[in-house]
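give me the fold of what follows.
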Amino acid sequence: MTGPYDDIIKLPHHVSKTHPPQPMDKRAAQFSPFAALTGYDDAVEETARYTDTKQELEEETKLAINAALHALQSREKTHPEILLEYFVPDAQKRGGAYRTVRVSVKKVDDVQKTLTLTDGTVVPFSDVMRISTPDPHEADR
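Next up is the predicted model:
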């Protein structure tokens, strides 16, 4: 059987007189996968990451949160413990996540409109979704 390369297949392999042969590890690198769009996989992963949309509170809920904040402000020296649900905006994209934590309050700041927790977290009033007193029997469960 004859093929298109029969005339050159038996010729000796050419070795350059001016360029030394490339080491095997460098030769292998030229066949490694090529990422034409560096960062593309990260961008796709970031886009696919789920975030929640911040809900707009009803007026009744806003009034209840305001009343709870005033009650906390009058007792802030005792660092009252609360169950707090708040929205944390995402730094990378639109939306964010809701967190519910059992925490102690350090300060209620009416001027800055923030709630400072004893762990150092500062929550803007506008991100507070719900404030309640924790169930005292919850720790027993």
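
next SSE after the longest helix belonging to the chain?
Secondary structure of the chain per DSSP state H: the longest helix is helix 59-74. Going down the chain from helix 59-74, the next helix or strand is strand 81-89, by DSSP states H and E.

pull the distance from that following strand to the chain's centre.
Remark: strand 81-89 is offset 17 Å from the chain centroid, using C-alpha atoms, centre = their mean, to the nearest Å.

could you give the average pLDDT over that strand?
For strand 81-89, mean pLDDT rounds to 95.

next secondary structure after the helix or strand that contains residue 123?
Residue 123 belongs to strand 122-124 when assigned by DSSP H and E. Next in sequence after strand 122-124, counting helices and strands by DSSP H and E, comes strand 128-132.

can you list the strands that that following strand pairs with?
The strands that strand 128-132 pairs with in its sheet are strand 81-89 (antiparallel) (by DSSP bridges).

which residues touch the strand it pairs with?
With contacts defined as C-beta atoms under 8 Å, 6 or more residues apart in numbering, strand 81-89 is touched by 52, 54-55, 68, 72, 95-105, 115, 117, 123, 127-134. C-betas here are computed from N, CA, C, even on glycine.
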